[in-house]
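A.B. asks: Curious how this folds, go ahead:
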Amino acid sequence: MGWKETLKEEGLLEVEDFVIEVSIDSECLCKDDQIYPAVLVYDLKNEEVYYLDEPFEPVSNFREALDQIFEWFERYKNGEKPLMKRSPKKSAPEDVIKRFLKAINSLE
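C.D. replies: Model (predicted):
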């Protein structure tokens, strides 16, 4: 099974030092009552949790969320740096971002 199918079926993907979890954020206190993709990145090496803080568009379902995630992963493969954060004011360390990009680039 390919990595995209694994994410579709399980919502989780383990790649190198990371576990990537995709869901939809339906508990958001959004004024527009929209739901958005949510991506958590568990760094197994450092035992830390990060999230992708990309400008995701509202979605209607999990499949639409996955489509956006796949697009962002392609952007990362093409050299775009991910907006990974530990908290709203604290970005992921540069070494974690580099390892994450290496992991994403290993996906076929």
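A.B. asks: Which residues are in contact with the residue most central in space within the chain?
C.D. replies: Per C-alpha atoms, centre = their mean, the C-alpha nearest to the average position across the chain is that of Val39, at 3.6 Å. Taking C-beta atoms under 8 Å, 6 or more residues apart in numbering as the contact definition, Val39 lies against 20-22, 51-52, 54, 69. Every residue, glycine included, has its C-beta placed from N, CA and C.
A.B. asks: Can you tell me which of these is nearest Pro88?
C.D. replies: Using C-beta to C-beta, Tyr51 comes nearest to Pro88 of those, at 9.7 Å.
A.B. asks: could you say what helices and strands the lowest-mean-pLDDT helix or strand in the chain packs with?
C.D. replies: When the helices and strands of the chain are scored by mean pLDDT, DSSP states H and E, strand 18-25 comes last with a mean of 90. Secondary-structure packing of strand 18-25 (3 or more C-beta pairs under 8 Å, 6 or more residues apart in numbering; DSSP states H and E): strand 12-15, strand 36-43, helix 62-77, helix 94-105.
A.B. asks: could you dump these to TSV with distance to Lys4 and mean pLDDT?
C.D. replies: As requested, the helices and strands packed on strand 18-25 are exported to TSV (distance: least, C-beta to C-beta, whole Å; pLDDT from 0 to 100):
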stretch	distance to Lys4	mean pLDDT
strand 12-15	9	95
strand 36-43	14	94
helix 62-77	6	94
helix 94-105	13	97
